[in-house]
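[1] got a sequence here, can you model it:
(one chain, ligands or ions: 1)
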Amino acid sequence: MNRIRKTLGLMMAFVYCASGGEQTGDAQDRGYDLLRERMVAEQIEARGVTDVSVLEAMRKSPRHLFVPEALQYRAYEDNPLPIGKDQTISQPYIVGLMTALLEPKKSDRILEIGTGSGYQAAVLSSLVDSVFTIEIIESLGAQARRRLAALGYGNVWVRIGDGYRGWPEHVPFDAIIVTAAPSRIPEPLIDQLKLGGRMVIPVGEANQELQVIVKTVDGLRTRSVIPVRFVPMTGEIKK
Ligand code: SAH
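    Residues are numbered from 1 along each chain as shown. This next block holds a predicted model:
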């Protein structure tokens, strides 16, 4: 954390000198641009996410605008960060990995369960046609909706409620991403997935695995990718 703060400070100083004047908002943005470039190169690309469109989407998504203001300088660190209400914004690598595992296409309609800060939805928005995202905690959902609108993400729709039953008005989905961990796959979400569509979801309680599920004519094809640690999915799944 100190290292990043120092790096950011140095970058700011550099930009300050280079611009020969007051450190403006532009200079600060440039500092974050540099940190973000480095985050994508060192944390995401170097660890094997190679899809160029995913890397590009992460390069242009201003992660620091999706964390509480007091934590902005830490937004490009290699870890999750608290976003209030005991919830977290996922580690950048996990966002990149999950986005790549979804294999997003320009024409896709995506469902996300667990809006949180709205960052994952923002990353997806430039890669697909539309993103429908559901958040169970009202204040987080409302904040994400305002933030996404203010930043001009016009193809992301935020709904406040329990994602367990998906979003029937917009079925079927080409892909579904779940960013809170249920102990088992919510059946209604499988029903809302297109044939051939994929779901990326952390499953489990103390020990969770990131799974990719493909819906085929013969049933579900499931693959475990890596162990992960997400906040638990709450609501109806717990009953
Ligand atoms: N994708 C988010 C991070 C998600 S953290 C981001 O980019 O910032 C997980 C989120 O899932 C939390 O905000 C939590 O409140 C939400 N959540 C948990 N259970 C849920 C449910 N049943 N339906 C919708 N959202 C849920």
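
[2] who in the protein is up against the ligand?
    Within the chain, the positions lying close to the ligand (C-beta under 6 Å from any ligand atom) are 87-90, 113-114, 116-117, 119-120, 134-137, 140, 162-164, 179-180, 231, 233-235. To be clear about C-beta, it is placed using only N, CA and C from the backbone, and glycine gets the same treatment.

[3] Ala175 is in what secondary structure piece?
    Using DSSP states H and E, Ala175 falls within strand 173-178.

[4] so what secondary structure elements neighbour that strand?
    helix 92-102, strand 109-113, strand 193-204 (3 or more C-beta pairs under 8 Å, 6 or more residues apart in numbering; DSSP states H and E).

[5] point to the helix or strand of the protein where mean pLDDT is at its lowest.
    Taking mean pLDDT, DSSP states H and E as the measure, the helix or strand of the chain with the lowest value is helix 2-19, at a mean of 49.

[6] report the next helix or strand after that helix in sequence order.
    Taking DSSP H and E, what comes next after helix 2-19 is helix 25-39.

[7] okay if I get the helices and strands packed on strand 173-178 as JSON lines plus mean pLDDT, mean neighbour count and distance to Asp218?
    Putting the helices and strands packed on strand 173-178 into JSON lines (pLDDT from 0 to 100; neighbours: other C-beta atoms under 10 Å; distance: least, C-beta to C-beta, whole Å) gives the following:
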{"stretch": "helix 92-102", "mean pLDDT": "98", "mean neighbour count": "23", "distance to Asp218": "21"}
{"stretch": "strand 109-113", "mean pLDDT": "99", "mean neighbour count": "25", "distance to Asp218": "23"}
{"stretch": "strand 193-204", "mean pLDDT": "98", "mean neighbour count": "20", "distance to Asp218": "11"}
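
[8] residues touching the residue nearest the centre of the chain, list them.
    Closest residue to the average C-alpha location of the chain: Gln120 at 2.0 Å, with C-alpha atoms, centre = their mean. Contacts for Gln120 (C-beta atoms under 8 Å, 6 or more residues apart in numbering) come out as 90, 95, 98-99, 112, 177, 179.

[9] looking at these, which is nearest Ala46?
    Nearest to Ala46 among these: Val95, at 15.3 Å, using C-beta to C-beta.

[10] excluding chain neighbours, what is closest to that closest one?
    Nearest residue to Val95, sequence neighbours excluded (C-beta to C-beta, 6 or more residues apart in numbering): Gln120, at 5.5 Å.

[11] just the element for the one you found, please.
    helix 119-125.

[12] how far is that helix from where the chain is centred?
    Relative to its parent chain, helix 119-125 has a centroid offset of 6 Å by C-alpha atoms, centre = their mean, to the nearest Å.

[13] before we move on, back to that, quick one: closest of the helices and strands packed on strand 173-178 to Tyr32.
    Here helix 92-102 is closest among those (C-beta to C-beta), at 13.2 Å.

[14] angle of the closest one against helix 25-39?
    Angle, helix 92-102 to helix 25-39, by axes from the mean of the first three to the mean of the last three C-alpha atoms, to 10 degrees: 70 degrees.

[15] do I have it right that His64 meets Ala70?
    No - counting by C-beta atoms under 8 Å, His64 does not reach Ala70; the two are 11.5 Å apart.

[16] in terms of neighbours, single out the busier of the two.
    Using other C-beta atoms under 10 Å, the more surrounded residue of His64 and Ala70 is His64, with 20 against 7.

[17] tell me which element the closest residue to Ile160 other than its chain neighbours is part of?
    Using C-beta to C-beta, 6+ apart and skipping the chain neighbours, the partner closest in space to Ile160 is Gly141 (4.0 Å). Here Gly141 is covered by helix 138-150, with elements defined by DSSP H and E.
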